[in-house]
Every structure is written in structure tokens, then in C-alpha cells.
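[1] quick one: sequence and predicted model below, then my questions.
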Amino acid sequence: MNAMEAHMRFPLLQHFLFILAAAGLAIGCSGEDEGNIASTASADPRLTTLVTALENADLVDTLAGPGTFTVLAPTNQAFTDAGIDLASLSADELRPILLYHVIAGEQYASDFAAGTVETLSGQGLTVSVDDGVVFNGSARVIDADIRAGNGVIHVIDTVLIPPAPSIVELAASREDLSTLVAAIERADLVTTLEGEGPFTVLAPTNDAFNDLLQELGSTSLEDLPVTDLTNILLYHVFPAAISAADLFPGYVPTANRSIAVRVAIDDAGDVLFDEASPLQTDLQASNGWVHVVDRVLTPVTQTIVELAVGAAPEFENLVSALQKTGLDKALSADGPFTVFAPTDAAFDAISSTTATLTVTELTDILKYHVVPGRIFSSDLATGTVETLLTGETLTIDVDALTVNSAQLIGNSLDIQGTNGVIHAIDKVLIP
């Protein structure tokens, strides 16, 4: 059989082979022309803001790498409508938002079904397909199935904002807070800080924990007793949602027995939490706020009675009187108490009187110096306050800094213990 005969006998086979070869060539050319997701997005003028965001969040290499991925790509207008200012967001803040727009694997528009789909942020999107493909009830696919070499892009008209993580999840997402997360786990506080709250957490960095361990002569969190670690961590937790704008000079009670952190704000607006400076504020979680700080705060560990022993100014006479009446034990209880504490000089000035007092009379005088609650000098208000001596009140004058006729001693106020606070005064108060 010659060539002419073969051609005549197998025309359909030749035609099929020709088509197959052409298709193979076309497929090969198509694969070469398809860029990765990052380069495909870069070539689309509708997605320039998204590309900038990917660059700022260091995610370009991820979406240019081996995949595959499905990217829900908000338009430039979507970013504008969401009021998102890329310049004001750090990479840590941008990354979870962008990963909330990425799904592992290739999913074309026809592949989506009503329900939920997990994103690379670890959080889910709700999907509806009744009237086109819509995510979270608001973000509609307006241009579907843009193929890339490592996945597919669907252009959407709304930026998807991920639900805020819990405080623990937020901390776990940051490398610089990994020691804090380990401490929270060791102290068995994960469930607490994932609760409804609201809470505000002062979050020391890894470097801050390293500095603390060095100060303590320790090498690991494991060296700290769990009780001590728990008390330290709870001293970094305010049982309220307090953003940076809500801060004011004074004392803020913590979850550690209401022992308070002192907040100082200077004329330039710089803030100190005790001795710690904030490195980053207003990281919002689903159950509160996180402010990253450069030091680990250490709470007081002594009661107000223990502090009175050897305190400056000296309270030896006060402590002696408390012990004589048995009130030292009462004021070592949980409280909290506020003690207007006469100095030794104040007791010396009426020594002839106190020497003749019965225990009952001395007890009444001492109770007259104690107010229920933890009242810092910044919380004092002009007026009267109830004391532990039934039916007796003290008169406070904030402008004059007096309690009845006694002067508050300015450099000896707000001496804080685990169960209250001491303010030194220059006279013994007589009910």
C-alpha cells in the first residue's frame, strides 16, 4: 500500500491526530502564558491596592510560590469603601486580613456551594450561591475564574474583614509574644483569656520576659512557681476594655486581686504602665484590647500591714498599736482597705494621750483611720467617707489635701499592698 492509498484509507485518523497535536500545542502555550497569582493580580489595574497590600504584608512570595490557591481579590474601590489606609497598618495587622481572602486549592465559581469554606487565616467564610457567589453575605464575585499558573482569582466588590481573634489567638499570631503565650498556657489562663471578657492585656514581648528572667537569675519560665507566674500575668490584665484613648493618669485595677497598675501620661502624651512603655497599642481582639509593652510588670506581694513595717515614713507606732489591738490580723485579710496612716511623729505628738487609752478606745481610734475599698489619691473626692468605726465618717478636702485636720503627706501617698493602699498623714485622727 503506497502513501496515496494510506491517505485515502485513513483520512479520519490523520485529521484526529492533527487536531490532537494542535490542542496539545495550545495547552502548552496556555500554561506558559499563565503567570502566578501575584503576577496575574499585578497586571490587573483593578487590583493595584491589593497588590500593594500583599507587598506590605510580605505575602507576594507566598502567592507566587507553589500552590494552588483561590484568591478572593477586592477591587481598589472595595478598599476605598472599607476605609482601609494601608499606610497605617503594619504587616502583622494586614496579614490576617489578606489571608482571610485566600483558600487552599483551586475553586472555580461553579465549585462553590452554600455553606462555609476555610481560609488560610484559619477562619471560615460563609458562602451563598442563590444569586451569584457571595461571601459573608456582602462580598459578591464580579469577575470569576481568572486563571493563574498556581490557582484562580475571583474579583470581589467588598473587602472581607475577618472576625477579630480572641486575645490569646491574637498573641499567638505574633512571634514577639510567643513567651507570653507559653506563660499563659503554663498558668492555665487560656480559657480565661478566651472568655467573653472584656479584658485589656498589657502584653510583654519576648525580650521583656528575657529581661525579667535575667533579673531573677532564672533561665526559663519553668523556674517560676506557677502561683507567682499566675499573679504576674493577672497583673497585666484589666477586667475592662480600655483602648489607648481611654487611658488617663491614675490607677487601674487588675485581675490580680484588684491590685492596680499606675498609669502616667506626660505632657507629650507618652504613657507609662508602672515602669513599662507601650510599644504598640490598640490591637483589637474579639474580647478586648492588647497593648504590647517593653517590660514585665511585677505586682506587690505584701499586705498593707507588712508594708507598714519598715516603710518610709516610719509607721512603727501604728504597727505596734495594730498589734496591741489585734487589728493587724484584720487588716491582713483580703479587704481591700484604705488606711490613712499617722506617722511615728504624729503618734509621738499625742503620746501622753495614747498611753492612757484602753484597748477598746485605741481600737476605735485605729478603725477611724480605715476606709473600706482601695482608694488611691487620684480617686479621692472632697466630701465625707465612711470608716470601719460604725457611724463615723472622715471629711476629705482634695484642694487642701487634708483628712479632717490632718495633712496628707504628698510623697507618701498610694503605698499599695495586696489588700489595699496606705496614705501617710501628719496627725492622729480622734473620732
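    All right, it came through fine. Please read these numbers as outputs of a predicted model, since none were measured by experiment.

[2] drop to CA atoms for contacts and neighbour counts, all remaining ones
    Fine.

[3] residue 67: how many residues sit nearby?
    Around residue 67 there are 16 other residues, counting by other CA atoms under 10 Å.

[4] for the one 5 residues further on, same thing?
    Burial measure for residue 72: 26 neighbouring residues, criterion other CA under 10 Å.

[5] what's the next secondary structure element after the host helix or strand of it?
    Residue 72 is part of strand 69-74, with elements assigned from DSSP states H and E. Sequence order places helix 76-81 as the next helix or strand after strand 69-74, per DSSP H and E.

[6] buried set for that following helix?
    Buried residues in helix 76-81, counted by 16 or more other CA atoms under 10 Å: 76, 78-79.

[7] now the residues you listed as CSV including distance to residue 203 and pLDDT?
    Shown next, in CSV, are these (distance: CA to CA, whole Å; pLDDT from 0 to 100):
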residue, distance to residue 203, pLDDT
76, 35, 97
78, 33, 97
79, 30, 96
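
[8] which residues touch the strand holding residue 72?
    With contact meaning CA atoms under 8 Å, 6 or more residues apart in numbering, strand 69-74 is reached by 37, 47, 50, 63, 101-107, 150-159.

[9] what about those, which are in helices?
    Judged by DSSP state H, the contacts of strand 69-74 include 37, 50, 63 as members of helices.

[10] neighbour-wise, which of those leads?
    For the ones in helices among the contacts of strand 69-74, the largest number of neighbours (other CA under 10 Å) sits with residue 37, at 26 neighbours.

[11] against residue 106, how distant is the nearest residue to that residue once chain neighbours are set aside?
    The shortest distance from residue 37 to any non-neighbouring residue, by CA to CA, 6 or more residues apart in numbering, is to residue 148 (5.4 Å). Distance of residue 148 to residue 106, computed by CA to CA, to the nearest Å: 10 Å.

[12] repeat for residue 397
    72 Å.

[13] now do the contacts for the closest residue to residue 190 other than its chain neighbours.
    Leaving aside its chain neighbours, residue 190 sits nearest to residue 184 (6.0 Å; criterion: CA to CA, 6+ apart). Applying CA under 8 Å, 6+ apart, one finds that residue 184 lies in contact with 190, 230, 233.

[14] just give me the neighbour total for the second one.
    When neighbours are counted by other CA under 10 Å, residue 230 registers 18.

[15] same question, the first one
    Other residues within reach of residue 190, judged by other CA under 10 Å, total 17.

[16] repeat that for residue 278.
    Number of residues near residue 278 (other CA under 10 Å) recorded here: 18.

[17] bridged to the spatially closest residue to it that is not a sequence neighbour, which residues?
    Distances taken as CA to CA, 6+ apart place residue 293 nearest to residue 278, at 4.2 Å, with adjacent residues excluded. When bridges are called by DSSP bridges, residue 293 pairs up with residue 204, residue 278.

[18] compile the contacts of residue 184 into TSV and extend it with columns for distance to residue 342 and pLDDT.
    Formatted as TSV, the contacts of residue 184 follow (distance: CA to CA, whole Å; pLDDT from 0 to 100):
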residue	distance to residue 342	pLDDT
190	44	97
230	34	97
233	34	98
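
[19] tell me how far residue 273 lies from residue 237.
    Shown here: residue 273 relative to residue 237, a distance of 12 Å by CA to CA.

[20] domain ranges for the protein, per the record?
    What the record gives for the chain is the domain set 22-156, 167-293, 304-425, from automatic domain parsing.

[21] those domains: which one's closest to residue 431?
    With CA to CA as the measure, domain 304-425 is the member of the domains of the chain nearest residue 431 (6.5 Å).

[22] which ones are touching residue 87?
    Taking CA under 8 Å, 6+ apart as the definition of contact, residue 87 has no neighbours.

[23] show me the helices in the stretch 101-250 of the chain, by range?
    Assigned by DSSP state H, counting those that start in this stretch, the helices in the stretch 101-250 of the chain fall at 167-172, 178-186, 190-193, 206-216, 226-234.

[24] do the same with the stretch 301-431 of the chain
    Counting by DSSP H, counting those that start in this stretch, the helices of the stretch 301-431 of the chain are 304-308, 316-325, 327-330, 344-349, 351-354, 359-367.

[25] for the helices of the stretch 101-250 of the chain, give me CSV that also has distance to residue 379.
    Below are the helices of the stretch 101-250 of the chain laid out as CSV (distance: least, CA to CA, whole Å):
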stretch, distance to residue 379
helix 167-172, 29
helix 178-186, 32
helix 190-193, 28
helix 206-216, 31
helix 226-234, 22
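
[26] no further questions, thank you.
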